[in-house]
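Q: no sequence on this one, just coordinates:
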């Protein structure tokens, strides 16, 4: 039993939970080596295979972003080069567990030191892979928290999250971590309360605790008054959530009678199977990177994906973003290795350097357009010449399809405003059909604070006056020029940020599907002036 304490952290997923703490680093595995190199090599090879099969089984039940995370792990476990250093160490006299640990720790250190944010984020997946294989080797059980527990430790792996039954409640409290991590993303999608960055907390396993992931507080061994206050706050929050869900089909309207359009962001076509089109105003962002997970997709594959979402949306608009590769989203055979990828060849810059790849996507988009209300958005646009070059490619491919007698239509072409240069001088894009503000990248570029770096997480707030000033400039220009402006970044899903976004002049937000009810409720509680 510990002593009463309180800690504060960064809210990664909003909500309330109470229950016993379950320490994530307390598995106590032990491995006994055989002393025979051939036996150890066989044990390791079998353990890697069993770990791969277990992750593949999880992947078969997962959808969307969760499936993509697990797909990366399966690919890594199938790559012989991951095991090769361990097998060499075994030949040198190490046992399977020591060899695997040393090799994976070196690999993890390399990922963590990478300048590329994608690889830094993937270090968590490598730790997941390392620990899963070690559990198989030692015969220790998979992470199994009791129902309703608060998972508590330095880090939670993606498969640890996906292996946990959240049906009975529970939550996550991490001493480190980031609100933009894979697990944070999964927690928001499942509605699991989560705090990160709480620092060192001297608590014991099974200590009863209260997790307030609305105001960012953890209380271990609470007294009667704290339990009472927590109960009042959690009941009020639950009532708010239930009320928000009951109003899902209503138009979002501020307290002073201003209508706000609320669309959804989708990562892949399967996402729309769980969304009622009557609860939203269409799709404000459909990412297309999922199509490039296994290499460069052909035209037919892309057409089928786009057509499914367009047909689901009916007359409501669907904004599909051309491939936003690079930065934290490398694509084999497409992206370029660079020393600073977030400031390098990514988004439309990369696509224009590889027009043969972009043209395939353009043809699929043109052919998909007759199936619904399609709009196409270009990512990472910094200069008018980039927009003009992309527009020219659309016109060339449309002419080619017309000459071949293939049904198609030319969709409106807009841009993501996520580079400060575009926000500071939006007039250079006065010929674009629409603007959509990418709040994640715009904030990190304005604040010079990487969104995947927990050490500077406090700076990544869209409500900073500098970021809001740029949003206001874009919204004002759009209104004066008659160009529709929306926001499709994570900020639109944040009830805390929504009043500031409305005050900055935005009247269209696109949010994560799981956050749709709370976003609409936040709008209903806010004035159009903030």
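A: Received, thanks. None of the values given here were measured: they were computed from a predicted structure.

Q: any idea how far residue 348 is from the nearest residue to residue 179 once chain neighbours are set aside?
A: Counting by CB to CB, 6 or more residues apart in numbering, residue 179 lies nearest to residue 12, which is 4.0 Å off, once chain neighbours are set aside. (Glycine included, C-beta is placed from N, CA and C.) The spacing between residue 12 and residue 348, counted by CB to CB, to the nearest Å, is 30 Å.

Q: residues making contact with stretch 72-92?
A: 37, 40-41, 44-45, 48, 51-52, 55-56, 59, 96, 98-100, 102-104, 106-107, 122, 125-126, 128-129, 158-159 (CB atoms under 8 Å, 6 or more residues apart in numbering).

Q: Just the endpoints, please. Distance across it?
A: Its start and end residues considered, stretch 72-92 measures 30 Å (CA to CA, to the nearest Å).

Q: Show me what counts as buried in that stretch.
A: Residues 72-74, 76-77, 82-83, 85-87, 89-90 are the ones in stretch 72-92 that count as buried (16 or more other CB atoms under 10 Å).

Q: Now do stretch 257-277, average pLDDT.
A: Mean per-residue pLDDT for stretch 257-277: 92.

Q: now stretch 73-89
A: 89.

Q: distance between the ends of it?
A: One end of stretch 73-89 sits 23 Å from the other (CA to CA).

Q: how about the closest residue to residue 196 other than its chain neighbours, phi and psi?
A: Nearest non-adjacent residue to residue 196, counting by CB to CB, 6+ apart: residue 177, 3.7 Å away. Residue 177 adopts backbone torsions of phi 90, psi 180, taken as degrees, to the nearest 10.

Q: Quick one: residues contacting the residue nearest to residue 179.
A: Residue 12 touches 172, 177-179, 181, 184, 187-188, 194-196, 213, counting by CB under 8 Å, 6+ apart.

Q: what do you get if the cut-off is 6 Å, keeping everything else the same?
A: Residues counted as contacts of residue 12 (CB atoms under 6 Å, 6 or more residues apart in numbering) are 179, 184, 194, 196.

Q: Number of residues surrounding the third one?
A: Look at residue 194: counted by other CB atoms under 10 Å, it has 31 neighbours.

Q: Dig out what it forms beta bridges with.
A: Using DSSP bridges, the beta-bridge partners of residue 194 come out as residue 13, residue 172.

Q: Might one say that residue 478 is in contact with residue 485?
A: Yes: assessed by CB atoms under 6 Å, residue 478 is found in contact with residue 485 at 3.6 Å.

Q: any shared contact partners between the two?
A: Here residue 478 and residue 485 share the contacting residues residue 435, scored by CB under 6 Å, 6+ apart.

Q: Not counting stretch 198-207 itself, show me its contacts.
A: Contacts for stretch 198-207 (CB under 6 Å, 6+ apart): 2, 7, 9, 20-21, 23, 173, 175, 218, 220-221.

Q: again, 8 Å this time
A: Outside stretch 198-207, the residues that touch it by CB under 8 Å, 6+ apart are 1-2, 5, 7-9, 20-23, 26, 152, 173-175, 209, 218, 220-221.

Q: What helix or strand is residue 152 located in?
A: Residue 152 belongs to strand 150-153 when assigned by DSSP states H and E.

Q: Run me through the strand neighbours of that strand, direction for each.
A: When DSSP bridges is applied, strand 150-153 pairs with strand 16-23 (parallel), strand 171-174 (parallel).

Q: Check the contacts of stretch 198-207 for burial and list the buried ones.
A: Counted by 16+ other CB under 10 Å, the contacts of stretch 198-207 give 2, 7, 9, 20-23, 152, 173-175, 209, 218, 220-221 as buried.

Q: Strands of the stretch 401-530 of the chain, residue ranges please.
A: Per DSSP state E, counting those that start in this stretch, the stretch 401-530 of the chain carries strands over the ranges 413-417, 435-437, 485-487, 508-511.

Q: Can you tell me the number of residues neighbouring residue 106?
A: Burial of residue 106 is recorded as 10 neighbouring residues (other CB under 10 Å).

Q: Against residue 12, how distant is it?
A: 29 Å.

Q: Check residue 262 too.
A: 22 Å.

Q: where are the low-confidence patches of the stretch 1-150 of the chain?
A: The model of the stretch 1-150 of the chain has pLDDT under 70 over residues 1-4, 26-29, 63-65, 114-121, 141-143.

Q: Got phi/psi on residue 7?
A: phi -140, psi 150.

Q: Look up how far residue 22 lies from it.
A: From residue 7 to residue 22 the distance is 16 Å (CB to CB).

Q: Repeat that for residue 254.
A: In this view, residue 254 and residue 22 are 42 Å apart by CB to CB.

Q: Check residue 256 too.
A: Taken as CB to CB, the span from residue 256 to residue 22 is 46 Å.
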